[in-house]
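[1] Okay, predicted coordinates and the sequence, questions at the end:
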Amino acid sequence: MGAGPAKQRTGDHHRGAAAGGVRAGPGGRWHPGPTLRSRAVTTDAAAEIAAGDRFAFGENWARFLEVLDDDRIAAAETSLRTMLDLPDGDELTGRSFLDIGSGSGLFSLAARNLGATVHSFDFDPHSVACTTELRRRYHPGDPDWTVQQGSVLDPGYLAGLGLFDIVYSWGVLHHTGAMWDALANVAPLVAPHGRLFIAIYNDQGTASNRWARVKRRYNQGGPGQRRAILAGVRAYEAAKPLPTLVASQAYYLAQHGRLRHLPKADVAPARGMDRDRDLIDWVGGWPFEVATPEAIFDFYRERGFTLVHLATCGGGLGCNEFVFRRD
Ligand SMILES: C[S@@+](CC[C@H](N)C(=O)[O-])C[C@H]1O[C@@H](n2cnc3c(N)ncnc32)[C@H](O)[C@@H]1O
């Protein structure tokens, strides 16, 4: 992929978020408090977002918190259980969990619910505020869940974190602007025999290049252009399954003399996510890099990791998920 925007600068942007202030707005709508907002304009993340060089991930996550419910939390816990091969009843009690690029904070919450001691951090102050809000809602005053602002590209910050039994970074490292540096930076944070769980966008060659151009335009455009791009992508996504649907209905009609009853399609996506938030995150998600599963496998094998679980997106659009064990 072409080079993304300039690497994030390192520096003093890894503060605890608790003092930032999160509160329920009118009608119970949650939004980041004023302290965080004013603090945000002084951070590198905010400058990059304002320049159109970075998607406002955290603002998207703030809207996701409005639809978060117990079913989504349970789905997030199941996704951790499945990929970490945790049998039913086996918890993460006594294990440490580092959530890099925690976003909404949903997976930090899931890990904490499963008994892990959790450290969450994110580069975007609004994502930090979202994670802090989830801790306030579900584990108020919990000393075993730390939330900070920090960057996975900041070696000074990472050096102070220590080692973790599970290092989790789902859909993050390809959004840093320096994916291979980020992939290298997370390796030393995994304790011996610990797990590294990452998800990285699949390299689809020219299709990935096309999406990169859409994302770039989305971030550099004004609100009208963004709405138009989103509407175009929504229409494209809705129309994609149509030829298959028409063909299968024609076949069913010929066989049974009537159209087949179709189940409702609005089942929540895996991991407890929200379809609309996911679409916006996908269209806007910038910086954006991709990698083949082979490249990721080789990268970590050379660094003393063994692949223990793989879930690919079948060569299509989306993320490949990897769980490695540190030897
Ligand atoms: C697509 S979201 C994924 C959030 C979460 N991991 C999940 O699975 O839902 C990507 C997140 O990575 C964060 N991020 C991007 N660059 C980062 C960096 N250098 N260090 C830490 N977090 C970063 C973004 O702010 C955003 O919250």
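    Thanks, I have it.

[2] What residue in the stretch 101-250 of the chain comes nearest to the ligand?
    Residue of the stretch 101-250 of the chain nearest the ligand, by Cβ to the nearest ligand atom: residue 103 (2.5 Å). Quick note: C-beta positions are derived from backbone N, CA and C, even for glycine.

[3] That residue contacts residue 121, correct?
    No. With contact defined as Cβ atoms under 8 Å, residue 103 does not reach residue 121; the gap is 10.9 Å.

[4] give me every residue that touches the residue of the stretch 101-250 of the chain closest to the ligand.
    57, 58, 61, 122, 127, 130, 131, 171, 172 (Cβ atoms under 8 Å, 6 or more residues apart in numbering).

[5] can you check residue 257 too?
    Counted by Cβ under 8 Å, 6+ apart, residue 257 has zero contacts.

[6] coming back round to it: assumed the residue of the stretch 101-250 of the chain closest to the ligand was part of a helix.
    No. Counting by DSSP: H, G, I helix; E, B strand; the rest coil, one finds residue 103 to be coil, located in no helix.

[7] Just the pLDDT for it.
    What the model reports for residue 103 is a pLDDT of 97.

[8] partners of the strand ranked longest in the chain in the sheet?
    Determined from DSSP state E, the single longest strand within the chain is strand 190-201. Strand 190-201 has its sheet partners listed here by DSSP bridges as strand 164-170 (parallel), strand 319-326 (antiparallel).

[9] Close to the ligand: what parts of the stretch 201-327 of the chain are there?
    For the stretch 201-327 of the chain, the residues in contact with the ligand (Cβ under 6 Å from any ligand atom) are 281, 285.

[10] in the stretch 201-327 of the chain, which spans are strands?
    Ranges of strands in the stretch 201-327 of the chain, per DSSP state E, counting those that start in this stretch, are 305-311, 319-326.

[11] Taking strand 305-311 as reference, get the angle to the last one.
    Inter-element angle recorded for strand 319-326 and strand 305-311: 150 degrees (by axes from the mean of the first three to the mean of the last three Cα atoms, to 10 degrees).

[12] how much distance is there from strand 319-326 to the middle of the chain?
    14 Å (Cα atoms, centre = their mean, to the nearest Å).

[13] what does the first one give?
    Strand 305-311 sits 19 Å away from the centroid of its parent chain (Cα atoms, centre = their mean).

[14] now stretch 144-159
    16 Å.

[15] Please apply the same query to stretch 91-98.
    Using Cα atoms, centre = their mean, the offset of stretch 91-98 from its chain centre is 20 Å.

[16] go on, stretch 65-85?
    13 Å.

[17] again with stretch 170-189
    That offset, for stretch 170-189, works out to 12 Å (Cα atoms, centre = their mean).

[18] For it, buried residues please.
    170-179, 182-183, 185-187, 189 (16 or more other Cβ atoms under 10 Å).

[19] That stretch near the ligand anywhere?
    Yes. Shown here: stretch 170-189 in contact with the ligand (Cβ under 6 Å from any ligand atom) through 170, 171, 172, 175, 176.

[20] Quick check: end-to-end length of that stretch?
    15 Å (Cα to Cα, to the nearest Å).

[21] which residues in the stretch 51-200 of the chain form strands?
    Listed in chain order, the strands of the stretch 51-200 of the chain (DSSP E, counting those that start in this stretch) span 96-100, 117-122, 145-149, 164-170, 190-201.

[22] of those, which approaches residue 212 most closely?
    Smallest distance to residue 212 across the strands of the stretch 51-200 of the chain (Cβ to Cβ): 10.1 Å, for strand 190-201.

[23] Now do the closest one against strand 96-100, angle only.
    30 degrees.

[24] Compute the distance from the centre of strand 190-201 to the centre of its chain.
    With Cα atoms, centre = their mean, you get 15 Å for strand 190-201.

[25] quick one: contacts of it?
    Contact with strand 190-201 is made by 83-84, 96, 163-174, 179, 183, 186-187, 208, 288-291, 296, 300, 305, 308, 318-327, as judged by Cβ under 8 Å, 6+ apart.

[26] burial count for the residue nearest to residue 109 when sequence neighbours are not counted?
    With Cβ to Cβ, 6 or more residues apart in numbering as the criterion, residue 109 has its nearest non-adjacent residue at 4.9 Å, and that residue is residue 134. Residue 134 has 25 neighbours, counted by other Cβ atoms under 10 Å.

[27] Let me know the pLDDT of residue 134.
    pLDDT, read off for residue 134, is 98.

[28] One more: residue 3?
    34.

[29] contacting residues for residue 237?
    Contacts of residue 237 by Cβ under 8 Å, 6+ apart are residue 279.

[30] just the strands paired with strand 190-201: most buried one?
    strand 164-170 (a mean of 24; mean count of other Cβ atoms under 10 Å).

[31] can you count the residues close to residue 256?
    Count around residue 256 with other Cβ under 10 Å applied: 9.
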